[in-house]
Structures are given as structure tokens and as C-alpha cells.
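In: Here is a sequence together with a model predicted from it:
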Amino acid sequence: MSHIPVMLAEVLATLSPRPGEAILDGTFGGGGYSAAILQAAPCTVWAMDRDPEAIARGAALAARFPGRLHLIEGRFGDMLAHLAARGVTALDGVVLDLGVSSFQLDQPERGFSFRAEGPLDMRMGREGPTAADLVNTLPERELADLLWELGEERHARRVAQAIVRARAEAPFTTTLRLAEVIRRAVPRDPSGIDGATRSFQALRIRVNDELGEIERALSAALGLLAPGGRIVVVSFHSLEDRLVKRAFQKAAGRAPAASRHDPAALLARPAPAGFELLTPRPLLPSAEEVAANPRARSARLRALRRKAEEGR
């Protein structure tokens, strides 16, 4: 099993770690970003992951950088509380690599992959309902809405109907049975994308409340950034990227102006933004990287910097 951090060179160049800085890797995963940051500058890294297995794997890396890498088991949406409990109230950098990690995908027993047999789990941590709980209990209409909204599955109603019909015969417990039911319900995609891809994505996002976590994390991270601090986010699908884009544009004062016919246009203009976009357009992986690591193909990198205080 291997872990290849996506857009590592671009992340490092944009984050630009400096000596003495405090940086949060909010999605530790396989530790690729953390290791590169620690090697790039004599700084301190706070590494967070909700997956206890990821934190356990990080022990070896922490031993290589004694006193510089601090591992925290927890959700990045709760970073404020986790960091405050350790006396950290400001950060010089934050990096977030959204979505599921390669380690989680490559472990069939975690239930993320539709290509290998495993329990229908999909939890990044160890708490809360599983994917099996959702597909076996949600009403058909609610299940269809979930697949449409979080998976952007065009055939959501057909898939939901097929799932409900199949679960009446026997509850879903494994990934491959669910994947096969979904594939039979949707037309073959001319692009070659597996028919189960979007539905599995939707279930994973819902099980882990990923969009809610991203919103909470972005809000917390912007509040934690010190003057000159940078935040770099790598997203992998449109729902994630849309949240990041909107949050960054709003922080940088680039939010769309209200229509002159909208009463909001009569309100006082907001104070000048305290942030600036480092990526007016998202950075994309190189063709060479996509060829070497197909999982990078949909990656989008966006970055933002808190402006330095006057007189500094």
C-alpha cells in the first residue's frame, strides 16, 4: 500500500513554511504533507485526523521530528477546541487535503471502495451511523435526494428505487452487493467512470458529514491565521471546491455584489477584507502527476493569505 500526497510541490510552494512557524495539517492521512513541511523548514506541525489508524501511523514520523510534530486525533471542524486545549491560539499556516485518503480507500475492511469486498461502513472515524445504516433505513425519496445532492447522480431516483427493492429481499451488509445493484440501475458511462462512483461518494459524504466539516474547518482556520498566515486547500470534487471558493472569495472581499434591485444593496459596504487570494484561479495537477497518480486528476488547489498588519 502506498500513499502519494497530491500536488505536493504546489502545496509546499504556496504554503511556503518558514522557520519557527506553527502549521496545522488538518488531514494528516499518510503524513505526506506533514513530512514535507517538516523537511522544508524548522517549524512546528500540528497534525490532525479523525481516523485513529492515521494517528497511530504518525508515531514513526513524530519520532523522526521530536518536539516538532504533534498528533491530534479529532475532526478538523473542531480544530479550535483541540488546539486551544494545547495552548495554540494562532497559526501561520493551514493545509487541508479534503475527501477520503488513499489508506482508507485501499483498506477493503473500511468499506469505502466499490472495487473490493468489505463491510458497508465508510466511517472515517469510529462513531456514528454507517453507510449500511443509511441504505437499509432511509425512505426511498430521502435516499434519492441524498444521491442527487451529494453525489450529483443523474439517475438518483432509479438507484434509490433499486436499492429499496433489493433491501426488501435482504439488508445490505457489503460493498460489492451494493455496487452491483447500483451499476445495474444506471446506464454505462461513456467516460468509463464506474457506475457506483457517484452513489458511493454521496454515502461517504453523508456518513462523515464532510461538507459540514469543511464549512466549520474553513471558518475556524480563517480565525486562527496570524497576520501573513496562509491556508491551502486541495479539493477533489465540485461540492468541496464550491465551499472553498465561496469562503475564500468572501474573506477576500470578492463576494458577488448585491443587485441594485436587492434591498441588500442599500446596506453599508463591508469593511475592507483582511485576506487576499493567492490563487485567483485554482491550481491544477500537472499531466505528469495525473499520469503517475490517477487519483490526482480531479484535484483543485486554492489558497488564501491573511494580510499583514499595518506597520509590519
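Out: In hand now; what should we look at? Numbering: from 1, shown residues only.
In: can I assume residue 32 is in contact with residue 5?
Out: Yes. Contact criterion C-beta atoms under 8 Å: residue 32 and residue 5 qualify, at 3.0 Å. C-beta: built from backbone N, CA, C; applies to glycine.
In: Need the three-state assignment for residue 227.
Out: Under DSSP: H, G, I helix; E, B strand; the rest coil, the three-state class of residue 227 is strand.
In: Can you tell me how far it is from residue 90?
Out: To residue 90, residue 227 is 9 Å away according to C-beta to C-beta, to the nearest Å.
In: Now for these two: what residues contact both?
Out: Residues touching both residue 227 and residue 90 by C-beta atoms under 8 Å, 6 or more residues apart in numbering: none at all.
In: Please state the offset of the host helix or strand of residue 10 from the chain centre?
Out: Secondary structure from DSSP states H and E places residue 10 in helix 8-15. Chain-centre distance of helix 8-15: 17 Å, with C-alpha atoms, centre = their mean, to the nearest Å.
In: heads up, I number from 4, so please use that
Out: All set: I'll call the first residue 4, so the last point we hit is now helix 11-18.
In: helices or strands next to the very next helix or strand once past that helix in the packing?
Out: Next along the chain after helix 11-18, taking DSSP H and E as the criterion, comes strand 25-28. Applying 3 or more C-beta pairs under 8 Å, 6 or more residues apart in numbering; DSSP states H and E, we find strand 25-28 packed against helix 35-43, strand 47-52, strand 94-100.
In: Tell me what angle the shortest one forms with helix 35-43.
Out: This points to strand 47-52. 170 degrees (axes from the mean of the first three to the mean of the last three C-alpha atoms, to 10 degrees).
In: got the buried residues for the helix or strand that strand 47-52 is followed by?
Out: Where DSSP H and E defines the elements, the next helix or strand beyond strand 47-52 is helix 55-60. Of all the residues in helix 55-60, those buried under the rule 16 or more other C-beta atoms under 10 Å are 56-58, 60.
In: Could you check how far residue 182 is from residue 156?
Out: Counting by C-beta to C-beta, the gap from residue 182 to residue 156 is 13 Å.
In: So between these two, which is more surrounded?
Out: residue 156 (25 against 22; other C-beta atoms under 10 Å).
In: Helix, strand, or coil at the more buried one?
Out: Under three-state DSSP, residue 156 comes out as coil.
In: Check residue 233 too.
Out: Assignment for residue 233 (three-state DSSP): strand.
In: Which residues are in contact with it?
Out: 17-19, 95-97, 281, 306-309.
In: mind checking pLDDT for it?
Out: Listed pLDDT for residue 233 reads 98.
In: any idea how far residue 40 is from it?
Out: In terms of C-beta to C-beta, residue 233 sits 12 Å off from residue 40.
In: Check residue 23 too.
Out: 13 Å.
In: From the neighbour counts alone, determine which of those two ranks first.
Out: The neighbour count for residue 23 versus residue 40, taken as other C-beta under 10 Å, is higher for residue 40 (26 against 10).
In: Output the below-cut-off pLDDT ranges for this structure.
Out: Where the chain drops to pLDDT under 70, the residues are 4-6, 103-115, 258-276, 312-315.
In: domain parsing for it?
Out: Domain segmentation of the chain under automatic domain parsing yields 11-106+213-309, 129-210.
In: need the ones you listed in JSON lines with distance to residue 122, can you?
Out: Converted to JSON lines, those look like this (distance: least, C-beta to C-beta, whole Å):
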{"stretch": "domain 11-106+213-309", "distance to residue 122": "15"}
{"stretch": "domain 129-210", "distance to residue 122": "6"}
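In: so how far does stretch 207-216 reach from one end to the other?
Out: 13 Å (C-alpha to C-alpha, to the nearest Å).
In: Just the buried residues of it, please?
Out: Neighbour-count burial for stretch 207-216 flags 207-211, 213-214, 216 (criterion: 16+ other C-beta under 10 Å).
In: Same question for stretch 120-133.
Out: 121, 123-127, 133.
In: can you map out the helices along the chain?
Out: 11-18, 35-43, 55-60, 62-67, 82-87, 105-108, 134-140, 143-154, 159-172, 178-188, 200-210, 213-227, 241-254, 290-295 (DSSP state H).
In: Take these and write them to JSON lines, including distance to residue 74.
Out: Below are these laid out as JSON lines (distance: least, C-beta to C-beta, whole Å):
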{"stretch": "helix 11-18", "distance to residue 74": "19"}
{"stretch": "helix 35-43", "distance to residue 74": "9"}
{"stretch": "helix 55-60", "distance to residue 74": "5"}
{"stretch": "helix 62-67", "distance to residue 74": "6"}
{"stretch": "helix 82-87", "distance to residue 74": "11"}
{"stretch": "helix 105-108", "distance to residue 74": "15"}
{"stretch": "helix 134-140", "distance to residue 74": "27"}
{"stretch": "helix 143-154", "distance to residue 74": "30"}
{"stretch": "helix 159-172", "distance to residue 74": "38"}
{"stretch": "helix 178-188", "distance to residue 74": "29"}
{"stretch": "helix 200-210", "distance to residue 74": "24"}
{"stretch": "helix 213-227", "distance to residue 74": "18"}
{"stretch": "helix 241-254", "distance to residue 74": "24"}
{"stretch": "helix 290-295", "distance to residue 74": "27"}
